[in-house]
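> sequence unavailable; structure follows:
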Ligand SMILES: Cc1cc2nc3c(=O)[nH]c(=O)nc-3n(C[C@H](O)[C@H](O)[C@H](O)COP(=O)(O)OP(=O)(O)OC[C@H]3O[C@@H](n4cnc5c(N)ncnc54)[C@H](O)[C@@H]3O)c2cc1C
C-alpha cells in the first residue's frame, strides 16, 4: 500500500488529499496539521450571534475548482451567492472620501476617480503597441503604467493589489499575480481586447450549455466557509492528524521519513509539502539547503482582520461590498468589507458586521498593534471615511503573521527553479499557495495538478 504524507492541513493540503483519494483509492494518505484545527487561513468564528470570517470572505467563481470541490463534497445546495449590491457597489477611499469604483468602461469615463488624461489613457490602451524590449517579468505597476498610464497604476492597480495581496504593485510580478494580463497583451495585442474576447468566450460557453450567462460572482455558505473545511475533514476522517508540527523531512534508503516536533515520525513513499513556503524551507533545510534558500526568499505580508459589530440604527446604512484604501496612501487600514451586506446571517437582527483588514506589505507593524490600539485606529478610519462615531457592540480580531505570499518580480523563475530541484527527489512534491496563485481557486486548482503528478509518479513506479 502506498503511503503518502501531506504536510499542512489548509485548503491546499486538504483538497489535495481529497483529490488524491479519488485517484489512489488504496493509498494510505495522512495530512499533518500543526494547529489544533485544520483549515489554515479559512476560519469562521460564531459568537454572540455574529459570524466572522477571520480569513477568506468568499469563493469567486471566476475559476470552477473550488465550487466544484464543494459540489463533490455534497455541499452544492448549501452554497449561497453574495448580494447583487455587493457586486455592484464597491468603493475606494481616495482624496479623503469614498468614491464609487465604476463597474463599466462607460461609468469610468463619467467617474471623478481619474482625470481626463487618465481616462484617455484607458481608452487608448487597445491601440497601444506592445513594446518589443519589455523585460521578461515586470512589476504590476510598470505593466499598468506601460499599458494604461500612471493614474491607472497608482489608483486602480494599487487598489486591486491592496485588496487581493496586501502588497506593493511596484514589487509584485505581473506574470505571477495576474498572468492573464501579459497573456492578453501577447495574444490579443491589448488587455482590453483580451478581456472582451474572454467575456465573449464565457458567454458563448454558457449559451452552449444552455445556461444564461451571468457576471462572475462570490459564494459562501450561510454558516460561513468553515462548512467547506468541516466537510473535507469529515470526508478524510482519520487521515487528518491535527496538532502535529512537521519539523524535518528526510530521505531514508527506500522511502521518506517525516519527523514531528515530538517523538512521532511518519514513513512515507511520497511526501507533499503544502505548508507556507518558509515552513517548507525549514523542513527540508538539511536535505537541500539551496532549495530551502529559494523557498525562504518568498516573503509574506502580515494582516490583521478586525471585525466590529454595530447597532444598525447607529451607523450609516450601507449596501455594497465595502471599500479599499490603496496602499500608496499608507493608511492604518487596507480596506473594510461590509460583511452583513454581502452575505446573510453575518449579524443578529438590528446589527451590522463589518471587518477591516489592516497591515499589509508597507504597514505590517499595524497588524501587531495591541487590540485596543488596533481597534481605535480602525474606528478613527471609519470616522473619517464613513462618519461612524458609534461604539461597537462586538469585536473580534484575527492576526495572520504570514497572511499572503508575495510573488515578487522574478517569482515565475524562482518557482521553476524550486520545482526543478524538487523533481530531483523521487517522491517529493510541493504545493500550497506559495507558488501558483493565492486565491482559494488557485489552491484547489493546484491540488488537482499535484494530485495528477503524484498519481502519475506511483503509476510509473508500478
Ligand atoms: C485575511 C485573508 C483574506 C483572504 N481572502 C480571500 C478571499 O476572500 N478569497 C480567496 O479566494 N482567497 C482569500 N485569501 C487567500 C486564501 O485564503 C489562501 O491563499 C488559502 O486559504 C491558503 O491555503 P493553503 O492551504 O495554501 O495555506 P494555509 O491556509 O496557510 O495552510 C497551511 C497550513 O499548514 C500548516 N502548517 C504550517 N507549518 C506546518 C508544519 N510544520 N507542520 C504541519 N502543518 C503546518 C498551517 O497551520 C496551515 O494550516 C485570504 C487570505 C487571508 C489571510
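Arrived safely, thanks for sending. The structure presented is a predicted model; accordingly, all values stated were derived computationally and were not measured. Residues are numbered from 1 along each chain as shown.

> what sits against residue 252?
Counting by C-beta atoms under 8 Å, 6 or more residues apart in numbering, residue 252 touches residue 267. In short, each C-beta sits where N, CA and C put it, glycine included.

> against residue 38, how distant is it?
Residue 252 sits 27 Å away from residue 38, going by C-beta to C-beta, to the nearest Å.

> one more: residue 427?
23 Å.

> cool, residue 399 as well?
Computed as C-beta to C-beta, the residue 399 to residue 38 distance reads 19 Å.

> neighbour count: those two, which is higher?
More crowded of residue 399 and residue 38, by other C-beta atoms under 10 Å: residue 38, with 26 against 18.

> list the contacts of the more buried one.
Contacts for residue 38 (C-beta under 8 Å, 6+ apart) come out as 9-10, 13-14, 31, 229, 232-233, 240, 242.

> find the nearest non-adjacent residue to it, please.
Ranked by C-beta to C-beta, 6 or more residues apart in numbering and with sequence neighbours excluded, the top spatial neighbour of residue 38 is residue 9, at 3.5 Å.

> what's the local residue count around the one you found?
29.

> any idea how far it is from the ligand?
Residue 9 sits 5 Å away from the ligand, going by C-beta to the nearest ligand atom, to the nearest Å.

> ditto for residue 47
Residue 47 sits 18 Å away from the ligand, going by C-beta to the nearest ligand atom.

> show me what contacts that residue?
Counting by C-beta under 8 Å, 6+ apart, residue 47 touches 394, 396.

> please renumber the chain so that the first residue is 43 from this point on.
Sure, I'll start counting at 43 from here, so that last one is residue 89.

> partner residues bridging it?
Beta-bridge pairing for residue 89 (DSSP bridges): residue 92.

> ok, now residue 140?
residue 135.

> pLDDT wise, what is it at?
On pLDDT, residue 140 comes in at 95.

> quick one: contacts of stretch 179-198?
The contact list for stretch 179-198, computed with C-beta under 8 Å, 6+ apart, reads 134, 136, 155-157, 159-160, 163-164, 167, 170, 173, 176, 199-200, 203, 211-220, 223-224, 227, 232-233, 368, 370, 451-455.

> report the buried members of those.
For these, a burial check counting by 16 or more other C-beta atoms under 10 Å picks out 134, 136, 155-156, 160, 163-164, 167, 170, 199-200, 203, 211-220, 223-224, 227, 232-233, 368, 370, 451, 453-454.

> restricted to helices, list those residues.
160, 163-164, 200, 203, 216-219, 223-224, 227, 233, 453-454 (DSSP state H).

> within range of the ligand, give me the residues from the protein.
Applying C-beta under 6 Å from any ligand atom, we find that the chain lies next to the ligand at 49-55, 74-77, 82-84, 97-100, 102, 287-288, 316-318, 321, 345, 347, 442, 445-446, 474-475, 480-482, 485.

> pull out the buried members of the residues you listed.
Buried, going by 16+ other C-beta under 10 Å: 49-55, 74-76, 82-84, 97-100, 102, 287-288, 316-318, 321, 345, 347, 442, 445-446, 474-475, 480-482, 485, out of the residues of the chain next to the ligand.

> in strands, which of those appear?
49, 74-75, 102, 288, 345, 347, 442, 445-446 (DSSP state E).

> tell me the one of these nearest residue 113?
When these are compared for distance to residue 113 (C-beta to C-beta), residue 102 wins out at 15.8 Å.

> the closest residue in space to that closest one that isn't next to it in sequence: what's it in contact with?
Distances taken as C-beta to C-beta, 6+ apart place residue 260 nearest to residue 102, at 5.5 Å, with adjacent residues excluded. By C-beta under 8 Å, 6+ apart, the contact set of residue 260 is 99-103, 123-124, 128-129, 384.

> out of the residues you listed, who's nearest the ligand?
Among these, residue 99 lies closest to the ligand (C-beta to the nearest ligand atom), at 4.0 Å.

> nearest residue to the closest one other than its sequence neighbours?
Spatial nearest neighbour of residue 99, chain neighbours left out: residue 379 (5.9 Å); criterion: C-beta to C-beta, 6+ apart.
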